[in-house]
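In: sharing a model prediction with you, sequence too.
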Amino acid sequence: MTASASTPPKIDRPLNVIVATDCGSTTTKAILIEKVGDEYRQTYRGEAPTTVEAPFEDVTRGVLNAIAEIEELSGRKILDGDKIITPCRNDKTGVDIYISTSSAGGGLQMMVTGVVQNMTGESAQRAALGAGAIVIDVLAANDGRLPHEKIERIRSMRPDMILMSGGTDGGAVTHVVEMAEYVAAAEPRPRFGMTYKLPLIYAGNKEAQPQVKKILEEKSALVVTENIRPVLERENLAPARNKIHDLFLEHVMQQAPGYRKLIDMTGAPIMPTPAAVGLIMETIAKREHLNLIGVDIGGATTDVFSVFDGVFNRTVSANLGMSYSVSNVLAEAGLANIMRWVPFTIDEQTLRNRIKNKMIRPTTIPQTLDELQIEQAIAREALRLALIHHKSLATGLKGVQQERTISDVFEQQTSGKTLIDMLKLDLIVGSGGILSHAPRRIQSMLMMVDAYEPTGCTMLSVDSIFMMPHLGALSTINEKAATDVFVRDCMIYLGTCVAPIGQGKDGEVCADYEITWPDGKASKERLRFGELRLFPLESGKQATIMVQPAKQINVGAGAGTAITKEVLGGVVGLLLDGRGRPFRLPAEQQARVAALTKWFDAVGLYPTAK
Amino acid sequence: MPHSYTPGLTVTDHTVIHRRRMLPLPGKVLVNVGDRVRSDQVVARAELPGKVFPINLANQLSVAPGEIKDYLIKKQGDVIEKDEILAENKPLIKWFKTEIRSPVAGTIESASLVTGQVLLREPPRMLQLLAYADGAIVETIPQQGVVVETTCSLVQGIFGIGGETSGEIVMAVKAPDEPLTPSHFNSTMKGKVVVGGSFLSFDAMSQARAFGVAGVVVGGIHDEDLRALLGYDVGVAITGAEQVGFTLILTEGFGAIPMAAKTFKLLSTHAGKKASISGATQIRAGVIRPEIIIPRGESVVGIVAQMQREGIRLGDPVRIIRDPLFGRIGEVSALPSELTKISTESEVRVLEVKFSDGKRVVIPRTNIEVIEGT
């Protein structure tokens, strides 16, 4: 499908059977979606190794293998040789449409430039991240690097695409033209394909367009679009994002092995995987009027998505992951932060060697319980660090409070307030192997609770088999099908976490609570500091909880003020977290191990728990 | 089910490999198809554009950007020497004269009347691409590079640091479980590829560097010694550009792990022969593993490229690649197809491995790798 990615095609025929793939770096995952009665359901899935690399060097081999697995399982004939049969011929032959997303070959890697780092630089970064890219560097006039250092940096990087921004419309052109001169002098080369020109999007001050064209038109595949920051008070990211998607399809994808064939096979434009995941999260948050945080923790990167009051943000922590980048989690978090989650001791050398061995053999899985606990400890830290990163970029616009000249703006030290408000958060969605495939679901829930420290009442869920990318792509052509499957087959609700804000000594009263269960029975108890309590509450069931926090303790309505809320159940249930917010583990080794053991036992986290 | 099978590392006495040698930017290919090449022979070259030095003339002369053309002594495209005057003002009083001199030798790339900036570019630098391994050219890609074919013995490592080099193979230890100590190194090893057994300590690394060895091949090292050697922590496994004085290749992993007997034996039989080695490792998006290539210098006739493996078979030699039995080597003795619950409660596909002492263990399939090659 070669239509522009920014304008998905109108499909007027009924879509009753859909096959979708996501071509990841290592695995190509295919799912079959069928209309059952009035509802769409995900019915079968298949997987095969991705075949972008040698010896195959043709991504469609992996796609056809994954679809062939669905054929075997479902009994439906989908393939006719190397072709996908579309539309359906009868009940057992063909599909109505085939769609795909891709992150193979390291995803879409971009460099962005702005004039002021925390203004247009950040806006450009948000535009690129929202389009599903990994941002490998942000260059700005005030980034502290000398001009020749900037040029050297641009030369040494090999991005798939560059996004240039800078200046408000009608403002000064000097700095943005200067950056264009640096980029031209550096003659950046694309990561793939020696002979084609690097795609470059200019989305800065419109007054500078003629000069930028003059400087860069010959040296790059230049595309000019609307300014991402036409005035300081407003961001306009959509035109730049759409151009990124178009160029991803027209240029970058064309260079990857087999993608030309894949583009012809699909019935809708291929999307970068994170862009598709972001899209489905945004769609669901807006439809359900939720504030949510989504996380996809992979082997190499951790993506965080958030929607607060309708504002969508995405960040990617490119070097925080559970296999290829696992060693970097240790480097960034530090050994002590990882080991604080483990209820035993291990010498540093052994742990370092183990983590490095996971990095060089990324497909291995924990074979013993202590290995599992160490991996889940690393995951907590990766999740925590990725959220800190996300909070720093998911902010209100900076520099809009006062009228300033550009020179004042250079000196500006204040930063925009983060949009992430844990008290307003309704739902956390987790995805990625360590969360989706944890042997016990409570392990996924507690990893997210420990890493994110939700406050008040927060629902938690995981993606069952990582089908959010497929559903994101599907939502561009059939939103009902995407949301039906998302709600019924993709999301596994874990339950609700209730966590008061404040701290106290172990055993002191944190809150009194009364839960009215779905059968009408009520239980009235007291939550003390240092306690973690788990109550079963099935998926789809709802209970009412009244929490009367102690003085100075807040559950969302202010210190000491009671709340009453409806809470939803899940495969884990209702978790009352009296460990305090901010959450602090005992510093002393024995006390820390004792506390962890108590909590793990209280919720049945691991098989050894009594 | 997905292929729960980790492609193994190749250790083979006889194979034919192709190495694609590509310039980073268009240039000139210097050899033809059919040519025999040596590892240190230049097969292609390209001109790397020189470094760029921007000078903001408008700021330095305190004039408007549009006016700098009136002060420039040199024009766009002119050659300029270091310290030669690039621009100057012409004040009424001589004392107020300002001369802007070039900080580098090169050419005037551009002078912008919008920013007042002049870009100077140093002369291009010649980049030479070596053949890397002794062999024959089987393909040339105009302006871009060549493909070298080599009949060789090949050992793939699991992780390495440092770039391509070559040297004679020297066995420094007598057994695969013997660690390399500082006393194993001596001045005769300069420029050679030293093969050790189970472990290389930081002191031994320092000694290797002091004696100028070209490369070290060993079973394992401690991560903290690697950090001390590099001066930083390797966060993501993309290596090859490190410059620590020698190329280091691990055959087994991190920790003190005896080198696989097969690997040690193969390298021993080639002691004294020249090897081309590379420490470059990239585990994501197109796996690159470090390698030791020992050219055989034989005709390629009659040798067929290796078949792609389909999966694991009974009797395959395997290495366990996850604790608690990390580094142990055995052979596959059973391949149950059903999912098995392991002690973490995960349900996974497993296999049974038999060790040389007859003991058998059940291991998740993803936690072994086949030792490839015949």
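Out: Noted; the coordinates are in hand.

In: any idea where the strands of the stretch 201-350 of chain B begin and end?
Out: For the stretch 201-350 of chain B, applying DSSP state E, counting those that start in this stretch gives strands covering B:215-221, B:238-239, B:247-254, B:274-278, B:281-282, B:291-295, B:317-320, B:329-334, B:340-341, B:347-348, B:350-354.

In: mind listing residues that contact the second one?
Out: When contacts are taken as CB atoms under 8 Å, 6 or more residues apart in numbering or on different chains, the neighbours of strand B:238-239 outside the stretch itself are B:159-162, B:279-284. Bear in mind the C-beta positions are built from the backbone N, C-alpha and C, glycine included.

In: partners of that strand, with directions?
Out: strand B:281-282 (antiparallel) (DSSP bridges).

In: what residues does the partner strand touch?
Out: A:360, B:157, B:159-161, B:237-240, B:288-290.

In: sort the residues you listed by pLDDT and name the bottom one.
Out: Minimum pLDDT across these is recorded for B:A237, with 76.

In: that one: neighbouring residues, count only.
Out: 24 (other CB atoms under 10 Å in any protein chain shown).

In: close enough to count as contact, it and A:Y324?
Out: Yes: counting by CB atoms under 8 Å, B:A237 does reach A:Y324; the two are 6.5 Å apart.

In: what's the neighbour count on B:P91?
Out: Neighbours of B:P91 (other CB under 10 Å): 10.

In: which residue is the nearest non-sequential neighbour of it?
Out: B:K97 (5.6 Å; CB to CB, 6 or more residues apart in numbering or on different chains).

In: partner residues bridging the nearest residue to B:S110 once chain neighbours are set aside?
Out: Leaving out its chain neighbours, the residue that sits closest to B:S110 by CB to CB, 6+ apart is B:L119, at 4.9 Å. B:L119 has these beta-bridge partners by DSSP bridges: B:P54, B:S110.

In: in which helix or strand would I find whatever residue of the stretch 251-400 of chain A ends up closest to chain B?
Out: Nearest residue of the stretch 251-400 of chain A to chain B, counting by CB to the nearest CB: A:N328, 3.1 Å away. Assigned by DSSP states H and E, A:N328 falls within helix A:326-333.

In: what angle sits between that helix and strand B:247-254?
Out: 90 degrees (axes from the mean of the first three to the mean of the last three CA atoms, to 10 degrees).

In: what average pLDDT does helix A:326-333 get?
Out: Helix A:326-333 shows a mean pLDDT of 89.

In: could you tell me how many residues sit around the residue nearest to B:P91?
Out: Neighbours around B:K97, by other CB under 10 Å: 10.

In: so it touches B:E88, yeah?
Out: Yes: using CB under 8 Å, B:K97 makes contact with B:E88 at a distance of 6.6 Å.

In: residue contacts, A:V36?
Out: Applying CB under 8 Å, 6+ apart, the residues near A:V36 are A:T43.

In: please name the bridge partners of it.
Out: A:E39.

In: please name the nearest non-neighbouring residue to the residue of the stretch 101-250 of chain B found nearest chain A.
Out: Proximity to chain A, evaluated over the stretch 101-250 of chain B using CB to the nearest CB, is greatest for B:G235 at 3.1 Å. The spatially closest residue to B:G235, leaving aside those adjacent along the chain, is A:N328, at 3.1 Å (CB to CB, 6+ apart).

In: report the contact partners of the one you found.
Out: Contacts of A:N328 by CB under 8 Å, 6+ apart are A:319-321, B:233, B:235-236.

In: wait, which of the strands of the stretch 201-350 of chain B is closest to A:E235?
Out: strand B:238-239 (33.6 Å; CB to CB).

In: point out where chain A drops to low pLDDT.
Out: The model of chain A has pLDDT under 70 over residues A:1-9, A:53-56, A:105-107, A:192-195, A:399-415, A:609-610.

In: what's the domain layout of it?
Out: Here the domain parsing of chain A from automatic domain parsing is A:17-95, A:105-264, A:293-501+A:574-603.

In: a markdown table for these, including distance to B:P317?
Out: Listed next are those as a markdown table, based on distance: least, CB to CB, whole Å:
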| stretch | distance to B:P317 |
| --- | --- |
| domain A:17-95 | 23 |
| domain A:105-264 | 32 |
| domain A:293-501+A:574-603 | 17 |
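
In: closest one to A:V277 among the ones you listed?
Out: domain A:293-501+A:574-603 (4.7 Å).

In: so what would you say the end-to-end distance of that closest one is?
Out: In domain A:293-501+A:574-603, first residue to last residue: 24 Å (CA to CA, to the nearest Å).

In: for stretch B:228-237, same thing?
Out: 17 Å.

In: got a list of contacts for that stretch?
Out: A:300, A:319, A:324-325, A:327-328, A:330-332, A:356, A:359-360, B:159, B:161, B:202, B:205, B:226-227, B:242, B:244, B:248, B:281-284.

In: which members of those are classed as buried?
Out: A:300, A:319, A:324-325, A:327-328, A:330-332, A:356, A:359-360, B:159, B:161, B:202, B:205, B:226-227, B:242, B:244, B:248, B:281, B:283-284 (16 or more other CB atoms under 10 Å in any protein chain shown).
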